[in-house]
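[1] Any chance you can model this:
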Amino acid sequence: MRQIFLLFILIFSFGNNYLYAQKKGLIINDSIKAKQNAINPLAPARAAFLSAILPGLGQAYNKKYWKIPVVLGAIGTSMYFYLDSDKEYNRFRDAYKQRLVGEKDEFSGQYSDETLIRAQKLFQRNRDLSLLITLALYALNIVEANVNAHLMQFNVSDDLTFKPEFVPNNNFNTQTVGFSIQYKF
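    Sure, this is the predicted structure:
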């Protein structure tokens with residue numbers, strides 16, 4: 001019994017070293033492949049952070065340069081409408097305040113007090129809506145940069161295929177359409 005135990009220990013220790021030597025070679029080969037197809041798990045967070053600092057910077061980090069004018073145009077347009085509505089709101093508010101004090105304003109004889117109040121409410125609503133749209137577009141810019149960075153790491157190699165397949169149906173002498181999913185490691 002003792003001889004079998006010693007034989008088992010010898011086989012196990014030599015066999016284990018042999019397997020370890022093979023694994024070490026595989027690890028080196030796998031690490032070389034991993035360096036070639038390196039996935040940076042922090043890339044989406046960095047893209048989102050850069051887009052939060054300056055809109056469009058995350059898109060530049062993702063090398064999607066054509067999206068930068070779209071992002072800046074969308075946020076710039078909504079900021080333009082915000083500033084324009086704010087300016088008009090202030091004009092009508094100042095005119096109404098001057099009327100309350102009894103001074104002449106730029107709309108004297110042109111608009112009534114009720115019209116000035118309605119114009120104030122309209123431009124205030126437009127200003128607030130433009131601010132909400134600007135904030136939504138800013139958040140969308142950050143989310144888009146993050147999602148795009150995630151999708152850049154998605155495996156779209158030739159090892160993954162999804163294709164239609166025609167399967168012969170021998171019972172009815174026809175063909176059946178199906179899908180085949182193949183993957184290789």
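
[2] drop to CA atoms for contacts and neighbour counts, all remaining ones
    Will do.

[3] in this structure, which spans are strands?
    All strands of the chain, identified by DSSP state E, fall at 160-169, 174-183.

[4] same question for the first one, mean pLDDT?
    When you say that, I think you mean strand 160-169. Strand 160-169 shows a mean pLDDT of 69.

[5] now do stretch 60-78
    Per-residue pLDDT values over stretch 60-78 give a mean of 95.

[6] For Gln124, give me the pLDDT.
    97.

[7] if I look at Phe123, how far off is His150?
    Noted for Phe123: a distance of 40 Å to His150, by C-alpha to C-alpha, to the nearest Å.

[8] show me what contacts the residue nearest to Lys121 when sequence neighbours are not counted?
    The shortest distance from Lys121 to any non-neighbouring residue, by C-alpha to C-alpha, 6 or more residues apart in numbering, is to Tyr89 (7.9 Å). Shown in contact with Tyr89 (C-alpha atoms under 8 Å, 6 or more residues apart in numbering): 119-121, 123-124.

[9] List the residues that contact Leu72.
    By C-alpha under 8 Å, 6+ apart, the contact list for Leu72 reads 55-56.

[10] before we move on, what about the one 3 residues further on?
    Each residue near Ile75 by C-alpha under 8 Å, 6+ apart is listed here: 134, 137-138.

[11] 10 Å instead, please
    Residues near Ile75 by C-alpha atoms under 10 Å, 6 or more residues apart in numbering: 55, 69, 133-138, 141.

[12] Repeat that for Ala52.
    46, 58, 138-139, 141-143, 145.

[13] just Gly56 next, same as before
    47, 50, 62, 64-72, 138, 141-142, 145.

[14] contacting residues for the closest residue to Asn148 other than its chain neighbours?
    Closest residue to Asn148 apart from its sequence neighbours, by C-alpha to C-alpha, 6+ apart: Asn62 at 7.3 Å. By C-alpha under 10 Å, 6+ apart, the residues touching Asn62 are 43-44, 46-47, 56, 145-146, 148-150, 152.

[15] Out of the residues you listed, which sit inside helices?
    43-44, 46-47, 145-146, 148-150, 152 (DSSP state H).

[16] Pull the most distant pair out of those.
    Greatest spacing in the ones in helices among the contacts of Asn62, by C-alpha to C-alpha: Arg46 and Met152 (13.5 Å).

[17] Can you verify my assumption that Phe107 contacts Leu116?
    Yes. Using C-alpha atoms under 10 Å, Phe107 makes contact with Leu116 at a distance of 8.8 Å.

[18] Look at these two and report which has more neighbours.
    Leu116 (20 against 15; other C-alpha atoms under 10 Å).
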